[in-house]
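Participant: Prediction below, plus the sequence it came from.
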2 protein chains.
Amino acid sequence: MKVAKFGGTSLASAAQIKKVCKIVKADEQRRIIVVSAPGKRHKEDTKVTDLLIQYAEERLAGQSGEEAQARIHGRYAEIAEELGLSREAADRIAAHLNQSLQYEQGEAPGRFMDRVKAAGEDTSAKLVALYLQSVGKEAVYVNPKEAGLLVTGEPGNAHVLPEAYEKLQSLKQQKDIVVFPGFFGYTPEGELVTFSRGGSDVTGSILAAAIQAELYENFTDVDSVYAVNPNLIAQPKEISVITYREMRELSYSGFSVFHEEALYPAYQAGIPVCIKNTNNPQAPGTMIVSERAIHENQVAGIASDKGFCSVYVSKYLLNKEIGFGRRLLQILEEEGLSYEHTPSGIDNISVILREKDFTPGIERRVVDRLRLELHAEDIIVERGLALVMIVGEGMRRSVGTSARATSALANAKVNLEMINQGSSEVSMMFGVKEVDADRAVIALYDEFFSKTTTQAGDMAITLNA
Amino acid sequence: MKVAKFGGTSLASAAQIKKVCKIVKADEQRRIIVVSAPGKRHKEDTKVTDLLIQYAEERLAGQSGEEAQARIHGRYAEIAEELGLSREAADRIAAHLNQSLQYEQGEAPGRFMDRVKAAGEDTSAKLVALYLQSVGKEAVYVNPKEAGLLVTGEPGNAHVLPEAYEKLQSLKQQKDIVVFPGFFGYTPEGELVTFSRGGSDVTGSILAAAIQAELYENFTDVDSVYAVNPNLIAQPKEISVITYREMRELSYSGFSVFHEEALYPAYQAGIPVCIKNTNNPQAPGTMIVSERAIHENQVAGIASDKGFCSVYVSKYLLNKEIGFGRRLLQILEEEGLSYEHTPSGIDNISVILREKDFTPGIERRVVDRLRLELHAEDIIVERGLALVMIVGEGMRRSVGTSARATSALANAKVNLEMINQGSSEVSMMFGVKEVDADRAVIALYDEFFSKTTTQAGDMAITLNA
């Protein structure tokens, strides 16, 4: 039994939905289908979810939202018509949609927003179920509420509750193909709550874990996960097999193929995940698994992300002070900051933070507290940093990976602000200035993916020996 | 005005003490002399401090300690005789010493131990003052109690109290040369407490800071601080100028020239420190200063230390959990552990600890707590690690230092368990297996100190460009 999730571009038009249904029909094991809201049909198009958000914001601001509402209805009506659904079926779907868009007086804004956003996936699921039926497939739309997809209550930031897994097991008993809207669930009290943006991936992963699927297929619009950002390198290497841990490190920065939290349920249940292309289902895609054979590819990919800053704190004999690091982190925590890394010297610690969280106001407070409470001597804040990561299981086991990486960066004239590599880790992190980030990624890709042994010269031969 | 401190080997015999006095007489600015207890005269000799500790331990165990006591008296009597001091002076010193060695019924063992240990430096100071007088120098023994060297009370682990500095200023008014015993001070309540072992360096630094000396000279038995452990490299490069921060990083591991805490008072007061050789006072020594010109020597030295272990903790989506790192450090703190570094990946943190602190019992408790309280998934403890450090101000500002270092290590077939380099830091840390540590240090020394540009080859030329 497989769970197949289809992303926004796979639902963007009737033509795309026909591809989805062809894919579903091609494999009897595809028993649970999770769908997103219609995405972009072309580069300038607007995603239905964005129209829904615009509509909800206008309504919450006391406006009519009429234009957005009309565009939303138009998108679905066009799809229904092109799919050849009956007038009656199309009207029924439109009526349901309309109901979801009603603003009830006194409703909490967050709840209304979630309800409106969820209508995108929900309507998609109804359309797909009807279309599958119309082409002779036994298919049924299943609502997350009746299926028991129970989640926590913070609007726009749902997390699955443990008891959901047991309830969702009953989906296994469905003899028809289940078409399930992604992106949202319900609290035990019956309130609709969406996951964070892109959360249909999460829904698919939860269902796959709940029914112990043999495979969770995640259909998107690329043939595979690439070893590097394709905006930086033309036709980069396609990754055929990658581990959960590697994928997690890559998805952290610069790899938007998959929702950051989506892997967790599959990872926990040990369900392999396959990233595939709706537009080219023959391509093998990228398999995400627990373990992979480490042979020639010690390095799985290169990732990077910008918008970081570092807070350097030094104090003479800091190293002798039990609790200094803990109190430093406590101050950050009390200021609501989460941190990324804490490289340290003997008498100094640097903390790497997301720059957007470290506003000038928070910076002032944190610096003051570090001085007053920890008696820090030097405090230096550096902004405009990027983190560049080499990701690969077993990379650490091979002598010379860091030498190859740092030499490639030095040759590209990239100055390293920080290096962080811990024991048993699957990644090596380099902190660089933002202006150097792309050059750093290209240099590392070139070193680990483009170079032949001959090009790499004597050193690479020695290192690989 | 200069403060000159003389270490154990400079006080080991009458011949050595004569050298000390010659050095003192050679420079009118050497107004405050801090002395250690007599050290070893030859490799198989025993330091007086060790004899004193042996004696105190025997007394505390209910034994007579007679033999140790006789050896201690013998050492001083021999020195007094060879210095040509009068019988009467020698007897007075011996009587004082005897008094210090009396065990008072009911005295706390820690207090007794400190009192006995301090007698080594105290007797040295009296001898040196008498000898200076005997050769016609106006010199006076000054006791730390009358001078106001006030410290905290934990036996064997004194720390100077802020108010001591003001009191000690009066030493400036002394018209005679002050001979001051190192290693101990007194609590405000009048209890004698010693610094940690090697603490005469600390006394000298405190006095230099208090009187705003133009220089703090630290006389030992080597011509200078070396760029690497001379047990690993024959005739290593001598360091002529080094910054406090560099010295601090080097003294942390493998550089026992100077007490770890001794630099702090001088550093705070901005007093330059000079490490010199009693046996070769003409050698310029090593100057420790606030800032140095960074030209060809980006790297000041290579240090290493063994006996570390790492605790690797991973948990899926750990990165999303605010407070995980802080709670991890809190657990270590509650178990009385201080840590060295915390390199981290996306979903994992490694903590580097001193192996001797991480006993099997503590390990079991910590691992249990990490699992129960933090729900850590994988916890891996790795023992037998060494930390190898490259230390140098401005090193970070130069592109390619890490490339040169990691390439040198790769060529020496050293696998890097960890790398840690933070922003604005003066050191780069590599975690390696203990068996690889010496090879790593030699490879790094070779790269940064032995290689000519030609030997370093194309890469070094590029990197230095």
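Facilitator: Structure's in. What do you need?
Participant: Show me the strands in the stretch 1-150 of chain A, by range?
Facilitator: For the stretch 1-150 of chain A, applying DSSP state E, counting those that start in this stretch gives strands covering A:2-6, A:30-35, A:139-141.
Participant: again, but for the stretch 251-400 of chain A
Facilitator: A:273-277, A:286-289, A:301-314, A:339-341, A:348-354, A:378-391.
Participant: Turn these into JSON lines, including mean pLDDT, mean neighbour count and distance to residue B:163.
Facilitator: Backbone N, C-alpha and C define where each C-beta goes, glycine included. As requested, the strands of the stretch 251-400 of chain A are arranged in JSON lines below (pLDDT from 0 to 100; neighbours: other Cβ atoms under 10 Å in any protein chain shown; distance: least, Cβ to Cβ, whole Å):
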{"stretch": "strand A:273-277", "mean pLDDT": "95", "mean neighbour count": "22", "distance to residue B:163": "66"}
{"stretch": "strand A:286-289", "mean pLDDT": "94", "mean neighbour count": "22", "distance to residue B:163": "64"}
{"stretch": "strand A:301-314", "mean pLDDT": "92", "mean neighbour count": "23", "distance to residue B:163": "26"}
{"stretch": "strand A:339-341", "mean pLDDT": "88", "mean neighbour count": "23", "distance to residue B:163": "38"}
{"stretch": "strand A:348-354", "mean pLDDT": "91", "mean neighbour count": "24", "distance to residue B:163": "29"}
{"stretch": "strand A:378-391", "mean pLDDT": "93", "mean neighbour count": "21", "distance to residue B:163": "26"}
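Participant: Would you map the helices across the stretch 301-450 of chain A?
Facilitator: For the stretch 301-450 of chain A, the helices defined by DSSP state H, counting those that start in this stretch occupy A:324-334, A:360-374, A:401-411, A:434-445.
Participant: ok, and the closest non-adjacent residue to residue A:71?
Facilitator: Distance criterion Cβ to Cβ, 6 or more residues apart in numbering or on different chains; nearest residue to residue A:71, sequence neighbours excluded, is residue A:51 at 5.4 Å.
Participant: so for the lengthiest helix in chain A, what's the average pLDDT?
Facilitator: Scanning chain A for the longest helix, with DSSP state H as the assignment, gives helix A:109-134. Helix A:109-134 carries an average pLDDT of 96.
Participant: From the chain's centre, how far out is that helix? Work that out for me.
Facilitator: On the basis of Cα atoms, centre = their mean, to the nearest Å, helix A:109-134 sits 21 Å off its chain's mean C-alpha point.
Participant: Can you tell me how far residue A:278 is from residue A:219?
Facilitator: Relative to residue A:219, residue A:278 is positioned 5 Å away (Cβ to Cβ, to the nearest Å).
Participant: Give me the common contacts of those two.
Facilitator: Residues touching both residue A:278 and residue A:219 (Cβ atoms under 8 Å, 6 or more residues apart in numbering or on different chains): A:6-7, A:10, A:20, A:23.
Participant: gap between residue A:185 and residue A:118?
Facilitator: For residue A:185, the distance to residue A:118 - Cβ to Cβ - is 9 Å.
Participant: okay, these two: which has more neighbours?
Facilitator: A count of neighbours by other Cβ atoms under 10 Å in any protein chain shown puts residue A:185 above the other of residue A:185 and residue A:118, at 28 against 25.
Participant: right, and that one touches residue A:152 too?
Facilitator: No - assessed by Cβ atoms under 8 Å, residue A:185 is found out of contact with residue A:152, at 9.0 Å.
Participant: okay, and the common contacts of those two?
Facilitator: With Cβ under 8 Å, 6+ apart as the test, residue A:185 and residue A:152 both reach A:158, A:193.
Participant: Could you give the bridge partners of residue A:186?
Facilitator: Per DSSP bridges, the residues bridged to residue A:186 are residue A:150, residue A:192.
Participant: if I pick it, what's in contact with it?
Facilitator: A:144-145, A:149-151, A:192-193.
Participant: wait, which of those residues is closest to residue A:124?
Facilitator: residue A:144 (13.3 Å; Cβ to Cβ).
Participant: ok, that closest one to residue A:117 distance?
Facilitator: 13 Å.
Participant: Return the residues in contact with the closest residue to chain B within the stretch 101-250 of chain A.
Facilitator: Closest residue of the stretch 101-250 of chain A to chain B, Cβ to the nearest Cβ: residue A:249 (5.0 Å). Counting by Cβ under 8 Å, 6+ apart, residue A:249 makes contact with A:303, A:389, A:391, A:426-427, B:345-347.
Participant: Give me the angle between the strand or helix carrying it and strand B:348-354.
Facilitator: For residue A:249, the host element (DSSP states H and E) is helix A:244-252. Counting by axes from the mean of the first three to the mean of the last three Cα atoms, to 10 degrees, helix A:244-252 lies at 110 degrees to strand B:348-354.
Participant: If we go by neighbour counts, what in helix A:244-252 is buried?
Facilitator: Applying a neighbour-count criterion of 16 or more other Cβ atoms under 10 Å in any protein chain shown, one finds A:244-252 buried in helix A:244-252.
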